[in-house]
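Chemist: pasted the sequence and its predicted model underneath.
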Amino acid sequence: MALTNAGEQLLPYAERISRLVDEAQQVIGDETDPCGPLRIGSMETTAGLRLPTVLAAFAEDCPRVDFSLITGPTEQLVRDVLAYRLDGALVNGPVRQPDLAETPVFEERLVLVTARRVAGLDTVIRDPKTLVFRTGCSYRRRLESILQARGAIGVSCMGFGTLDGILGCVGAGMGLTLLPAAVVERHASREQVRVHDLPEEEAHAQTVFVQRVDTPPSPALTRFLTHPRAMQQTPPVLRMVGRSSAATG
């Protein structure tokens, strides 16, 4: 079956009507016992580091909510929120998109990560090979900027879909990456890598929650947003293996 020309013209209106009906049902839903679907996006580093505690608390608080978590790079998650495919997302900020409201959630301290045997960055910065998440990752762009500020030319990138893949290959000596320090501290590969501190002006990244300004939050989303207080708690300080300063490259 195929739509006629008139059907093609009608389709966007039908989609908007359907979306408005869904929004109306969500807005008048039971605030004391939320139910229905809730689609939240998150960067993979955030999902692994910050969300387990939050999701456990939310699942206990709202057992009737059909919760979906989608991970991806910041650019893709922002597009999905704008296209109504997600109810909201945890992304690297600031986003500065007029159709989105963004709420600061917490701040991460970023570090450069290399193989354990790399004591200094002079050698790897001369001909840098970066191991990063796929295109659209905000940390990827920041790493390129950090390396270029230190005189790196012709940065080559290898894209990965998982954090395990990145840190495993960094530990094997294939290149360097940029990640939140707390992610490295908690990862199974931490004994194989070395962390290099960045100057204060380069070391901080803010995570924000974005949602559309034209869509009233459902009771489920409203309840979910009461739980990020747990994400703002400082992760336990673990022993960091191999640390140096990248202040001067």
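Modeler: Received it, and whenever you're ready, just let me know what you need. All figures in this text were calculated on a predicted structure; none of them were measured in a lab.

Chemist: Ala220 touches Cys62, doesn't it?
Modeler: Yes - applying CB atoms under 8 Å, one finds Ala220 in contact with Cys62, separated by 6.3 Å. (Each C-beta comes from the backbone N, C-alpha and C, glycine too.)

Chemist: what touches both of those two?
Modeler: Shared contacts of Ala220 and Cys62 (CB atoms under 8 Å, 6 or more residues apart in numbering): 34-35.

Chemist: those two: who's more crowded?
Modeler: Ala220 (26 against 18; other CB atoms under 10 Å).

Chemist: quick one: the strands in the protein?
Modeler: 36-42, 65-71, 88-93, 100-115, 129-133, 156-160, 177-180, 193-197, 204-212, 243-245 (DSSP state E).

Chemist: in the longest one, what's buried?
Modeler: By 16 or more other CB atoms under 10 Å, the buried positions in strand 100-115 come out as 100-102, 105-106, 108, 110-115.

Chemist: likewise for stretch 175-190?
Modeler: Those would be 175-185, 187, 189-190, for stretch 175-190 by 16+ other CB under 10 Å.

Chemist: center of the chain, which residue is that?
Modeler: In the chain, the residue lying closest to the centroid (CA atoms, centre = their mean) is Met43, at 1.9 Å.

Chemist: residue ranges of each domain in this protein, please.
Modeler: 11-107+206-232, 108-204 (automatic domain parsing).

Chemist: can I get the ones you listed in JSON lines with distance to Thr4 and mean pLDDT?
Modeler: Converted to JSON lines, the domains of the chain look like this (distance: least, CB to CB, whole Å; pLDDT from 0 to 100):
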{"stretch": "domain 11-107+206-232", "distance to Thr4": "11", "mean pLDDT": "86"}
{"stretch": "domain 108-204", "distance to Thr4": "37", "mean pLDDT": "88"}
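
Chemist: could these go into TSV alongside distance to Leu3?
Modeler: Formatted as TSV, the domains of the chain follow (distance: least, CB to CB, whole Å):
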stretch	distance to Leu3
domain 11-107+206-232	7
domain 108-204	31
